[in-house]
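> fold the following and give me the result.
(chains A, B, C and D)
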Number of protein chains: 2
Amino acid sequence: MPMIADTPTLPLAQRITDSGLRSTPQREVVYQVILAKRDHPTAEEVFARVKALMPTISLATVYNCLEALVQYGLIKQVNFVREPTRYCPNLHEHAHFHDEASGEIHDIEIPADLMNHLRSLLPAGYAAVSVDLSFRGSACPAPDPAARPN
Amino acid sequence: MPMIADTPTLPLAQRITDSGLRSTPQREVVYQVILAKRDHPTAEEVFARVKALMPTISLATVYNCLEALVQYGLIKQVNFVREPTRYCPNLHEHAHFHDEASGEIHDIEIPADLMNHLRSLLPAGYAAVSVDLSFRGSACPAPDPAARPN
DNA sequence: AATTTGATTGGAATAATTCCAATTCTCACT
DNA sequence: AGTGAGAATTGGAATTATTCCAATCAAATT
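Numbering: from 1, shown residues only, chains lettered A, B, ... in the order given. Next comes the predicted model:
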């Protein structure tokens, strides 16, 4: 029987092995659902989405896969006060905005030089592995009073 | 019997009521232990410290008090990936450095204009109530090779 | 094909936090 | 000072998020 060329997961498996992580069907499907939607699902949400594609997967495996994917730099994790950990497919260094009204999380692009500037504020002897910048507040869809078609 | 002037908690009670929050003995003692040490205790750590002063207090009340103090702006809460929420007496807008080696959290001062600059990066319609900036990495105690007594 | 190593699984265990109903306290008002 | 309404506190149960564990399964290497 043909082993390849009947599922579109090839590039995914590629990307996983390229990172140095062994590829497994479970890791592929977890990675796939995170890339499929540009949002910030919790482990439980990932589990729910993954079960649609692979009904036999367990929650423990989803946690394991997420941890492995984070560790090998394929996804990032974010967290907010009193919220479960969320996972993010956007590897580009960026900030997050947590909209308290809708509960949604939006990516905020931050110029790279500013991120580096933030790092440079650390006292001598402090080496930052990661910088976490997040905003909390509310987002109004149409703020400027002029020019609204509707 | 005299109702006041026999405990040094007066200014604390003052500060609590001034914030608009009703002062209670429990809230005072929770506030007191957080101000007493410039660190970042978890709720359990606060509970342990508070019990030394008020052995009958319950953990639920510590959580309630912490929540109330945060809500009325008397303390701040911080959190890190896969760590319990921590509480911080430093109201001055600042960042945190989480030292992975020691587990310690250090306050990092950030110029106010830079914090405002960060806020200004948000797209129109996004209003940030709070900005959370935290670093994760390792801190070496003596970085500069010159000038060390001892 | 056998061995070894690593991954997955389900369920139990743990950790952090919240909920709840009963009691107690505080404050405002007689 | 006494009383009643509303708020805070309490202990324990419940919930949520996550990790642990031992057994099974799969894959890579000899």
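> make it CA atoms for all contacts and neighbour counts henceforth
OK.
> quick one, phi psi at the residue nearest the centre of chain A?
With distances taken as CA atoms, centre = their mean, the residue of chain A nearest its centroid is A:Cys88 (0.7 Å). For A:Cys88, the backbone dihedrals are phi -140, psi 130 (criterion: degrees, to the nearest 10).
> pLDDT wise, what is it at?
Per-residue pLDDT puts A:Cys88 at 96.
> A:His98 is in what secondary structure piece?
Using DSSP states H and E, A:His98 maps to strand A:94-99.
> with A:Leu133 instead?
Here A:Leu133 sits within strand A:126-139, counting by DSSP H and E.
> who does the residue nearest to the centre of chain A bridge with?
Beta-bridge pairing for A:Cys88 (DSSP bridges): A:Lys76.
> that one and A:His40: what is the separation?
Here A:Cys88 is placed at a distance of 5 Å from A:His40 (CA to CA, to the nearest Å).
> before we move on, what about A:Ala127?
Here A:Ala127 is placed at a distance of 28 Å from A:His40 (CA to CA).
> and the angle for the strand holding A:His98 with strand B:126-139?
Going by axes from the mean of the first three to the mean of the last three CA atoms, to 10 degrees, strand A:94-99 is angled at 130 degrees with respect to strand B:126-139.
> show me what the next helix or strand after strand A:94-99 is packed up against.
Counting by DSSP H and E, the next helix or strand C-terminal to strand A:94-99 is strand A:105-109. The helices and strands touching strand A:105-109, judged by 3 or more CA pairs under 8 Å, 6 or more residues apart in numbering or on different chains; DSSP states H and E, are strand A:94-99.
> hmm, 10 Å instead?
strand A:94-99, strand A:126-139 (3 or more CA pairs under 10 Å, 6 or more residues apart in numbering or on different chains; DSSP states H and E).
> ranking those by burial, who's on top?
Ranked by mean neighbour count, these are led by strand A:94-99 with a mean of 21 (mean count of other CA atoms under 10 Å in any protein chain shown).
> how far off centre is that strand?
12 Å (CA atoms, centre = their mean, to the nearest Å).
> contacts for it next, please.
The contact list for strand A:94-99, computed with CA atoms under 10 Å, 6 or more residues apart in numbering or on different chains, reads A:78-80, A:103-112, A:115, A:131-140, B:118, B:122, B:126-128, B:130-133.
> how much space is there between A:Ala34 and chain B?
For residue A:34 the amino acid is Ile, not Ala. From A:Ile34 across to chain B, the span is 19 Å (CA to the nearest CA, to the nearest Å).
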